[in-house]
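> just to be clear, the model below is a prediction. Sequence and coordinates:
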Amino acid sequence: MTQRILTRLAHTVAVLLAAFTLAFLLLSALPGDAVENRYANPELGLSPEQIQEIRDSLGADRPLIIQYLLSLKGFITGDFGVSVNSGTPVREMLAAALPGTLTLAASAFILALILAFAISSAAILSTRFGKKMRALPPLMASLPTFLVGIVLIQFVSFRLGLVPIIGASESQKLILPAVTLAIPIAAPIAQVLLRSLDDVAKQPFVDVVRARGASTWRLFAHNILPGAILPALTVAGLAFGELVGGAVVTEAVFGRAGVGNMTVDAVSNRDTPVLLAIVVLAATIYVLINAAVDALQPIVDPRLRKAAK
């Protein structure tokens, strides 16, 4: 057990280091100069000497290897540097933006799980709507996030008036973005869960249980679903990692303050410290979620506990 934990910890450190290094190299290779783009504007009235002082304070003229090592040291100690665009410490910017994005991501993820389970269950249990339910996941996966958001705003808010856009409460502001983000996330979970349910339903033991008089609902809940949940759990963990990328589009469409909007601003201004922090944050969330999925798998499937022993 100790060796497994140490191995997992080593893999986590390796993934985060690789993500940081790759992001640093790619951002450093981008054309242009972030300091010049931000502070050379004549409207700011800064002299070349003042701009050079800013460059020196940010370490923009240091050798690339020195910049990398200093950035890496800062990330290890929790110092993400300062934004080139605003001069605000990146840690403070993340602290302000992260709660809103995490609330959106968690709400969308829970909604996606409910939606995926409802579609898969209806496809298996309903003789009337089964085929229609099976066609939903591919359709949901093909819909662009921005298009879903625009359609929801147009019909749910403007035409039906169910969710106000202006003067909405905090909970109301969360409804449409969460639905927008949940639909593409639910699609792969529903596809994998439905395929797994079909595979388990074809197993011989299902016929034996049915022959003993088990009802359709009991057969589904106690025999088919427990054996099919593991692949869907794995995909759900991977899908959660996509929420950060989906939040960029969703927050832009709905004008929500969060990591998504911060990412858009950082890309527009070539704000390397902010982008590095966001990449490492996304990688950290992805690694932690997958570690949680690995820990849950033996709990969900007793066969894995026996194999581990």
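Thanks, I have the structure now. None of these values were measured; they are calculated from a predicted model.
> I'd like to know how far S215 sits from L113.
Noted for S215: a distance of 25 Å to L113, by C-beta to C-beta, to the nearest Å. Glycine gets a C-beta too; all of them are placed from N, C-alpha and C.
> the more surrounded of the two?
Using other C-beta atoms under 10 Å as the criterion, S215 and L113 rank with L113 on top: 21 against 9.
> how about that one, what does it touch?
A186, I189, A236 (C-beta atoms under 8 Å, 6 or more residues apart in numbering).
> my read: the first one touches A112, true?
Pointing back at A186 there. Yes - A186 is within contact range of A112, at 3.9 Å (criterion: C-beta atoms under 8 Å).
> surely V163 is in a helix?
No - per DSSP: H, G, I helix; E, B strand; the rest coil, V163 lies outside any helix segment and is coil.
> tally of neighbours for it?
Using other C-beta under 10 Å, V163 has 16 neighbouring residues.
> ok now do it, which residues does it touch?
Neighbours of V163 in contact, by C-beta under 8 Å, 6+ apart: V156, S157, Q172, I175, L176.
> please apply the same query to F254.
If a contact means C-beta under 8 Å, 6+ apart, then F254 has G149, I153, K173, L176, P177, T180 as its contacts.
> and the gap between the fifth one and F146?
Here P177 is placed at a distance of 12 Å from F146 (C-beta to C-beta).
> please identify which of these two sits among more neighbours.
P177 (26 against 13).
> where does the stretch 101-250 of the chain have low pLDDT?
Where the stretch 101-250 of the chain drops to pLDDT under 70, the residues are 244-245.
> can you show me the helices along it?
130-142, 145-152, 170-201, 204-211, 216-219, 225-241, 243-254 (DSSP state H, counting those that start in this stretch).
> and the ones you listed as a markdown table, adding distance to L98?
As requested, the helices of the stretch 101-250 of the chain are arranged in a markdown table below (distance: least, C-beta to C-beta, whole Å):
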| stretch | distance to L98 |
| --- | --- |
| helix 130-142 | 27 |
| helix 145-152 | 20 |
| helix 170-201 | 15 |
| helix 204-211 | 45 |
| helix 216-219 | 41 |
| helix 225-241 | 15 |
| helix 243-254 | 11 |
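> endpoint to endpoint, stretch 124-137 covers what distance?
End-to-end distance of stretch 124-137 (C-alpha to C-alpha, to the nearest Å): 14 Å.
> let me fix that, I meant to ask about stretch 82-95.
Taking C-alpha to C-alpha, stretch 82-95 runs 13 Å from one end to the other.
> which residue lies nearest the spatial centre of the protein?
The chain has L243 as the residue nearest its centroid, 2.2 Å off, counting by C-alpha atoms, centre = their mean.
> name the nearest residue to that residue, ignoring sequence neighbours.
Leaving aside its chain neighbours, L243 sits nearest to A105 (4.2 Å; criterion: C-beta to C-beta, 6 or more residues apart in numbering).
> tell me, what's touching P177 and F146 both at once?
Common neighbours of P177 and F146, using C-beta under 8 Å, 6+ apart, are V253.
> and V249, how far from I150?
According to C-beta to C-beta, V249 stands 11 Å off from I150.
> please disregard the earlier target; I meant P99.
Taking C-beta to C-beta, one finds P99 at 26 Å from I150.
> now do A106
Computed as C-beta to C-beta, the A106 to I150 distance reads 24 Å.
> kindly report the same for P144.
9 Å.
> how about F205?
Distance, F205 to I150, by C-beta to C-beta: 47 Å.
> repeat for T77
Separation of T77 from I150 (C-beta to C-beta): 43 Å.
> same question for P184.
P184 is 14 Å from I150, by C-beta to C-beta.
> farthest pair in the contacts of V163?
Greatest spacing in the contacts of V163, by C-beta to C-beta: V156 and Q172 (11.1 Å).
> kindly export stretch 283-303 (C-alpha atoms) in CSV.
Provided in CSV are the C-alpha atoms of stretch 283-303 (Å, rounded to 0.1, in the frame of the first residue of the first chain):
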residue,chain,number,x,y,z
ALA,A,283,-3.4,20.0,-14.3
THR,A,284,-3.6,19.8,-10.5
ILE,A,285,-7.4,19.5,-10.6
TYR,A,286,-7.1,16.9,-13.3
VAL,A,287,-4.6,14.8,-11.3
LEU,A,288,-6.5,15.0,-8.1
ILE,A,289,-9.8,14.0,-9.7
ASN,A,290,-8.2,11.0,-11.4
ALA,A,291,-6.6,10.0,-8.1
ALA,A,292,-10.0,10.2,-6.4
VAL,A,293,-11.5,8.0,-9.2
ASP,A,294,-8.7,5.5,-8.7
ALA,A,295,-9.5,5.4,-5.0
LEU,A,296,-13.2,5.0,-5.6
GLN,A,297,-12.8,2.1,-8.1
PRO,A,298,-12.2,-0.6,-5.4
ILE,A,299,-15.1,0.6,-3.4
VAL,A,300,-17.4,0.5,-6.4
ASP,A,301,-16.2,-2.9,-7.7
PRO,A,302,-15.3,-5.5,-5.0
ARG,A,303,-13.4,-7.5,-7.6
